[in-house]
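>>> Sequence plus the predicted model coming up.
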Amino acid sequence: MMKRRQFIISTSGTIGLTAIAGCGGSNPARRPSIQSVNTDKLELQVTVTNADLADSIQFDVQGGSNETKTVSESEPTAIYQLGNPETIGTEDQKLSNGAEFSIRLNGEIEGDEQSDGPVDTREWVFNPGIELTNVVKAEEIEYTPESHSQAATPVFEIANSGNVPTRLKQLAILNFDQEIPLQNSNVETGFARTAISQRGVETRIKRVDPHENGDHYIPVGETARFAVDGLLTHTGEPPESTDSHDQQFVASVRWLGGDKSHQITARLKGGIQESEGIEDYRFNDFEIVEIANYNPIDYRSYNNPEFPKV
């Protein structure tokens, strides 16, 4: 898995403060300031410089609990707990997606006995996000399906693109095209199957790299891999022989409060063969040739004959 990375909000200028000027050429008065705002797992960490002049960090949270944490020279970092691993990314999580934080540093300016109120502030937003970043072949990551060939099993790489850990709510494979004729028939088939994975439901979609907090849990900056065993197969009457085919389908990635879909084109090649021990057919190899944003208005519909193919 990818290494965890921290998201840092740059330290912008302090607000409404004027250093007490001394004689020409004298150094400006020391004062505390917010050095960084980071997330580490489920902790929002605020670190202060010149913490010997700081008193506390105040977290004002939209729709959440406001908290004040003491900071000092020996403890210059204040921590706000964003939730717990069991409920993050579910309807029971502590905060709502998009919750805004107003972070205030209380302290004093050196030599200014009249200074009062916050001496620095930052804004931060609780912003989960997930995205599909790649689709690879099972053999590339040395994954072997239990009952299907690697040549029919793509692996979907799904990354946490937000600033807090979250969960994949659902991965759905839908809307595959059907353009390969069956033998001795006017019916056409496709070499893809509908598949849906969601938390708490056993399906053909399996996480290759399970996490200790559950298969659908994805830490900040990390990528989870989900294999769809035997996705690129056809079950039923034998298809007409063909060397290659560009198979299209839609992969929809959903998380709490958001979703994004992609239209994927897999180039199936090497000819069709019947799978051993399973009543299905597959091509001998495939490669992913395109991952495009999916717009349901533009996509061809096979349930509506008045909606033409494009």
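Now that the structure is in, tell me what you want to look at.
>>> C-alpha from now on. contacts and neighbour counts both.
Fine.
>>> Which secondary structure element of the chain has the lowest mean pLDDT?
strand 195-198 (a mean of 84; mean pLDDT, DSSP states H and E).
>>> roughly how far apart are Ala227 and Ser65?
From Ala227 over to Ser65 the distance is 39 Å, taken as Cα to Cα, to the nearest Å.
>>> Those two: who's more crowded?
Shown here are Ala227 and Ser65; by other Cα atoms under 10 Å, Ala227 has more neighbours (24 against 10).
>>> Contact partners for that one?
Ala227 sits next to 138, 153-156, 205-208 when contact means Cα atoms under 8 Å, 6 or more residues apart in numbering.
>>> Show me what the least confident helix or strand of the chain is packed against.
The contact analysis (3 or more Cα pairs under 8 Å, 6 or more residues apart in numbering; DSSP states H and E) places strand 195-198 against strand 166-174, strand 205-207.
>>> Low-confidence ranges, the stretch 201-310 of the chain, go.
Where the stretch 201-310 of the chain drops to pLDDT under 70, the residues are 201-202, 277, 296-310.
>>> how many other residues sit next to Asn175?
Asn175: 20 neighbours (other Cα under 10 Å).
>>> One more: Ile288?
For Ile288, using other Cα under 10 Å, the count is 18.
>>> separation between it and His245?
Computed as Cα to Cα, the Ile288 to His245 distance reads 12 Å.
>>> Now for these two: what residues contact both?
Listed as contacting both Ile288 and His245 by Cα under 8 Å, 6+ apart are Arg267.
>>> I'd assumed Gln58 was in contact with Gly71.
Check again: residue 71 is Val, not Gly. No. Applying Cα atoms under 8 Å, one finds Val71 not in contact with Gln58, separated by 10.3 Å.
>>> OK, contacts around the nearest residue to Ala266 once chain neighbours are set aside?
Excluding the flanking residues, the one nearest Ala266 by Cα to Cα, 6 or more residues apart in numbering is Ile288, at 4.4 Å. Ile288 makes contacts with 135-136, 264-267, as judged by Cα under 8 Å, 6+ apart.
>>> how far away is Val136 from Ile158?
Distance from Val136 to Ile158, by Cα to Cα: 11 Å.
>>> max-length strand in this protein?
In the chain, taking DSSP state E as the definition, the longest strand is strand 258-274.
>>> buried ones in the next helix or strand after that strand?
Per DSSP states H and E, the first helix or strand lying C-terminal to strand 258-274 is strand 280-293. In terms of neighbour count (16 or more other Cα atoms under 10 Å), strand 280-293 has its buried residues at 280-288, 291.
>>> Strand 258-274 and strand 280-293, what's the angle between them?
Put simply, strand 280-293 runs at 150 degrees to strand 258-274, going by axes from the mean of the first three to the mean of the last three Cα atoms, to 10 degrees.
>>> Neighbouring strands of strand 280-293 in the sheet, and parallel or not?
strand 233-235 (antiparallel), strand 258-274 (antiparallel) (DSSP bridges).
>>> For the last one, give me every contacting residue.
By that I understand strand 258-274. Under the contact criterion Cα under 8 Å, 6+ apart, strand 258-274 has outside partners 129, 131, 241-254, 280-295.
>>> For stretch 37-52, measure first residue to last.
19 Å.
>>> All the helices of the stretch 51-200 of the chain, residue numbers only.
In the stretch 51-200 of the chain, no segments count as helices under DSSP state H, counting those that start in this stretch.
>>> So, low pLDDT: which residues of it?
Within the stretch 51-200 of the chain, the segments meeting pLDDT under 70 span 113-116, 199-200.
>>> what about 80?
111-117, 198-200 (pLDDT under 80).
>>> Domain boundaries for this protein, per the record?
The record's domain parsing of the chain by automatic domain parsing lists 33-125, 130-293.
>>> Tell me what angle the longest strand of the chain forms with strand 166-174.
Using the same axes, to 10 degrees: strand 258-274 against strand 166-174 is 50 degrees.
>>> Buried residues, strand 258-274. List them.
The neighbour-count check on strand 258-274 (16+ other Cα under 10 Å) flags 259, 261-269, 272, 274 as buried.
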